[in-house]
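Chemist: 3D model of this:
(one chain, ligands or ions: 1)
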Amino acid sequence: MSANQDTFKKIISHSKEYGFIFQSSEIYDGLSAVYDYAQNGVELKNNIKKYWWASMVQMNDNIVGLDSSILMHPKTWKASGHVDAFNDPLIDNKDSKLRYRADVLIEDQITKIESKIQKEINKAKKRFGDSFDEQQFIKTNHRVLDNKKKIDDITKAMKKCFDDDDLVELKKLIDNLGISDPVSGSKNWTEIKQFNLMFSTKIGASSDSASEIYLRPETAQGIFVNFLNVQKSSRKKIPFGIAQIGKAFRNEIIARQFIFRMREFEQMEMQFFVKPGTQSEWYKKWKESRMNWHKSLGISEDNYRFHDHDKLAHYADAACDIEFKFPFGFKELEGIHSRTNFDLTQHESHSGRKLKYFDPEISESYVPYVVETSIGLDRMFLAILSSSYVEEELENDSIRTVLKIPPFLAPQKAAILPLVKKDGLSEYARKIFDNLKIYFNVTFDEKDAIGRRYRRQDAIGTPICITIDHDSIKDDSVTLRFRDSMEQIRISVSKLRSEIDKCTSLSNWLN
Ligand code: GAP
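Modeler: So this is what the prediction gives:
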């Protein structure tokens with residue numbers, strides 16, 4: 001097992017042990033690719049939502065919010081193209097009877113080659129020490145160059161298959177690469193077939209096909225169909241945006257990588273409506289703005305990169321992903337798409353209703369163009385969890401596991417810890433807790449030795465511990481212990497609120 005896989009396993013078990021994430025319906029052996037957020041997870045998730053919402057809606061006077069329903073008229077999904085084209089190419093292994101996404105099997109092959117390259121680099125780093133020039137090595141080492149060429153060739157061949165919609169060639173590529181079933185090792189594959197990812201159900205009591213509806217596979221369509229309602233009732237002028245956070249559902253075939261690919265997940269999407277012809281300027285602005293949002297979290301910038309799409313969906317004139325370095329490699333965290341006027345035009349023609357905007361500046365009506373930013377809330381959660389999970393070796397040779405979550409996102413902002421239960425310390429600490437809980441999410445813990453309690457708070461990412469000792473009762477002072485530095489300072493109880501606020505307030509991060 002690689003070091004990264006090992007870390008990923010630890011993060012998954014840490015999430016369960018410390019009340020962040022549980023497998024859904026675990027007592028029935030779980031429901032695959034569906035997860036529940038536990039007591040600490042739901043707080044972290046809500047804080048991520050608050051941060052995104054404040055950055056979008058509160059900080060931009062030309063963006064408003066929306067909460068549209070999960071169930072929509074079935075024609076919505078015909079108009080958007082999801083009924084006909086929201087498919088994954090699937091392949092079955094005849095021996096193991098397991099089903100896979102053909103493109104993911106090929107991407108996994110690429111990941112294997114990438115890790116070979118990384119191994120070469122690590123070996124050379126060890127051999128040459130400080131004098132090692134990584135860029136030069138990558139440009140000149142023949143094994144690295146050979147492997148890079150292999151990756152290029154596979155990527156190009158796969159792209160061609162998708163461009164040509166050629167599933168026969170895609171199957172040949174899998175055969176030629178000698179890809180085997182990761183579980184059984186068998187290379188006995190079926191042909192590849194397209195499979196629609198939408199979950200369907202019936203509305204009302206009727207069982208005829210006319211009553212078939214879908215669980216939305218993206219939140220965006222709720223924004224599109226409400227575009228004119230929101231524009232008119234908010235009196236916004238173009239350019240303006242509509243932001244929404246909500247559940248989406250996809251019948252994903254690959255159920256793995258924890259909360260990275262789920263069947264029920266949440267999206268935070270914003271559609272920005274612009275005048276035709278200005279979309280590329282807005283696309284650039286939103287690309288930059290979204291990357292800055294990620295960087296503002298203080299997570300190492302090396303963890304982010306753009307991936308510009310070569311192959312564009314038929315409705316897009318530009319698209320990119322912001323990729324994050326998850327423990328299993330760089331993968332899509334957020335998509336930024338210039339979607340032209342495709343969706344609104346489709347809804348006009350399927351509904352028969354006009355969705356044109358009258359632009360008072362040019363006295364003309366038009367269907368606006370749309371730039372979309374779309375981020376998976378659960379992937380953002382995983383990005384924060386995996387980048388903040390640290391195992392630190394302490395001076396006494398013990399290891400402390402700490403979640404260095406940005407303080408304003410932490411589930412609990414402070415923990416109130418009486419040194420002992422007796423001598424009135426517990427009652428005094430309770431009063432502090434009662435005074436602070438009006439302003440912050442705080443927790444109270446008086447069980448076990450103080451060192452163990454610090455560790456428990458480190459493990460859930462609480463930025464500040466407040467220890468109440470015998471002197472506190474005499475002089476109304478307490479010890480603050482900071483999570484990351486473990487530094488301790490003594491302050492007056494009267495300053496607690498402002499100190500916690502300084503360290504954990506969301507407003508310090510908004511700009
Ligand atoms: N409206 C555009 C749209 O839905 P997408 O690239 O399919 O675009 C946007 O999805 C984001 O939603 C992705 O970048 C990812 O973060 C998240 N996402 C997509 N499928 C997901 C899944 N099965 N599980 C968790 N997150 C997912």
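
Chemist: What residue, apart from its backbone neighbours, is nearest Leu170 spatially?
Modeler: Excluding the flanking residues, the one nearest Leu170 by C-beta to C-beta, 6 or more residues apart in numbering is Cys161, at 4.1 Å. (Glycine included, C-beta is placed from N, CA and C.)

Chemist: Work out for me the element the one you found sits within.
Modeler: Applying DSSP states H and E as the criterion places Cys161 in helix 142-163.

Chemist: If you count neighbours, what's buried in that helix?
Modeler: Neighbour-count burial for helix 142-163, counted by 16 or more other C-beta atoms under 10 Å, picks out Val144, Asn147, Lys148, Lys150, Ile151, Ile154, Ala157, Met158, Cys161.

Chemist: For Ser485, grab the count of nearby residues.
Modeler: Ser485 has 7 neighbouring residues, counting by other C-beta atoms under 10 Å.

Chemist: That one belongs to a strand, doesn't it?
Modeler: No. Looking at Ser485 with DSSP: H, G, I helix; E, B strand; the rest coil, it is coil, so not inside a strand.

Chemist: quick one: it and Val42, what's the gap?
Modeler: Noted for Ser485: a distance of 28 Å to Val42, by C-beta to C-beta, to the nearest Å.

Chemist: Nearest residue to the residue of the stretch 401-511 of the chain found nearest the ligand in space, please, no chain neighbours.
Modeler: Residue of the stretch 401-511 of the chain nearest the ligand, by C-beta to the nearest ligand atom: Leu409 (17.4 Å). Once flanking residues are discounted, Leu409 sits nearest to Asn47: 4.4 Å by C-beta to C-beta, 6+ apart.

Chemist: Secondary structure element for that neighbour, which one?
Modeler: helix 39-53.

Chemist: can you list contacts of that helix?
Modeler: The contact list for helix 39-53, computed with C-beta atoms under 8 Å, 6 or more residues apart in numbering, reads 15, 18-21, 37, 65, 243, 245, 266, 268, 293, 375, 377, 380-381, 384-385, 405, 408-412, 441, 460-461, 506, 509.

Chemist: re the thing from before, for the residue nearest to Leu170, what are its contacts?
Modeler: For Cys161, the contact set (C-beta under 8 Å, 6+ apart) comprises Leu167, Glu169, Leu170, Leu173.

Chemist: Using a markdown table, lay out these together with pLDDT.
Modeler: Shown next, in a markdown table, are the contacts of Cys161 (pLDDT from 0 to 100):
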| residue | pLDDT |
| --- | --- |
| Leu167 | 95 |
| Glu169 | 96 |
| Leu170 | 96 |
| Leu173 | 96 |
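
Chemist: For the helix or strand just after the helix holding Asn47, list every residue counted as buried.
Modeler: Note on helix 39-53: by DSSP H and E, the next helix or strand toward the C-terminus is strand 63-66. Residues of strand 63-66 classed as buried by neighbour count (16+ other C-beta under 10 Å): Ile63, Val64, Leu66.

Chemist: ok, and which of those residues reach the ligand?
Modeler: By C-beta under 6 Å from any ligand atom, no member of the buried residues of strand 63-66 lies near the ligand.

Chemist: closest to the ligand among those?
Modeler: Of all the buried residues of strand 63-66, the ligand sits closest to Leu66, with 13.8 Å by C-beta to the nearest ligand atom.

Chemist: Would you agree that closest one is in contact with Ser234?
Modeler: No. Between Leu66 and Ser234 there is no contact, the gap being 10.1 Å when judged by C-beta atoms under 8 Å.

Chemist: For the closest residue to the ligand within the chain, give its distance to Ile259.
Modeler: Among the residues of the chain, Gly376 lies closest to the ligand, at 2.5 Å counting by C-beta to the nearest ligand atom. According to C-beta to C-beta, Gly376 and Ile259 sit 9 Å apart.

Chemist: Now list whatever residues contact both of these two.
Modeler: Contact criterion C-beta under 8 Å, 6+ apart; residues bridging Gly376 and Ile259 by contacting each: Phe265.

Chemist: sorry, back to before: can you pick out the most distant pair from the buried residues of helix 142-163?
Modeler: Longest distance between any two of the buried residues of helix 142-163 is 26.4 Å, between Val144 and Cys161; criterion C-beta to C-beta.

Chemist: Confirm Thr443 sits in a strand?
Modeler: Yes. Counting by three-state DSSP, Thr443 is part of a strand.

Chemist: re the thing from before, tell me the pLDDT of the residue nearest to Leu170.
Modeler: Cys161 carries a pLDDT value of 93.

Chemist: mind listing the strands for the stretch 351-500 of the chain?
Modeler: Taking DSSP state E, counting those that start in this stretch as the criterion, the stretch 351-500 of the chain carries its strands at 357-359, 364-366, 369-376, 389-393, 399-403, 414-418, 442-444, 464-468, 477-482, 488-492.

Chemist: An error on my part: the question was meant for the stretch 201-350 of the chain.
Modeler: Shown for the stretch 201-350 of the chain, the strands assigned by DSSP E, counting those that start in this stretch span residues 212-214, 240-249, 264-274, 304-308, 318-326, 329-338.

Chemist: Please identify the most buried of the ones you listed.
Modeler: Most buried of these, by mean neighbour count (mean count of other C-beta atoms under 10 Å): strand 264-274, with a mean of 24.

Chemist: Paired strands for that strand, with orientation please.
Modeler: Strand 264-274 has the following strand partners under DSSP bridges: strand 240-249 (antiparallel), strand 369-376 (antiparallel).

Chemist: what about it, distance to the chain center?
Modeler: Centre-to-centre, strand 264-274 and its host chain are 13 Å apart (C-alpha atoms, centre = their mean, to the nearest Å).

Chemist: what bits of the chain have low per-residue confidence?
Modeler: Within the chain, the stretches with pLDDT under 70 are 1-2, 206-210, 255, 511.

Chemist: Near the ligand, which residues of it are found?
Modeler: For the chain, the contact set with the ligand under C-beta under 6 Å from any ligand atom comprises 218, 220, 250, 252, 261-262, 265, 267, 269, 332-335, 372, 374-376, 378-379.
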